[in-house]
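Engineer: Test case, fold it:
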Amino acid sequence: MQKQQRLNSDIYKFVSQPEIVQFTVIEVRDNVLEHSDMYGNKNTTRLFVASVVG
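Structural biologist: Below is the predicted model of the structure:
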């Protein structure tokens, strides 16, 4: 049975781009920070992204 995971819309916008075939947590974090101020700082955003993606 496959496990389904809901993605945050900020993360989905980055990973669903056709040219993105591989990505790292750092790349996702940097993109989320660039396009949203919801997470505050780099460390908070990294923890959030790692908990969803990793």
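Engineer: May I have the residues that are in contact with the residue nearest the centre of the chain?
Structural biologist: Nearest to the mean C-alpha position of the chain, counting by CA atoms, centre = their mean, stands residue 11 at 3.5 Å. Applying CB atoms under 8 Å, 6 or more residues apart in numbering, one finds that residue 11 lies in contact with 28, 32, 49, 52, 53. C-beta here means a position set from N, CA and C on the backbone, and glycine is covered the same way.
Engineer: Mind pulling up the pLDDT for the third one?
Structural biologist: Each residue has a pLDDT score; the one for residue 49 is 83.
Engineer: so it makes contact with residue 29?
Structural biologist: Yes - here residue 49 reaches residue 29: they are 4.8 Å apart, a contact under CB atoms under 8 Å.
Engineer: what pLDDT, on average, does the host helix or strand of the residue nearest to the centre of the chain get?
Structural biologist: When elements are defined using DSSP states H and E, residue 11 is found to belong to helix 9-15. Across helix 9-15, the average pLDDT comes to 87.
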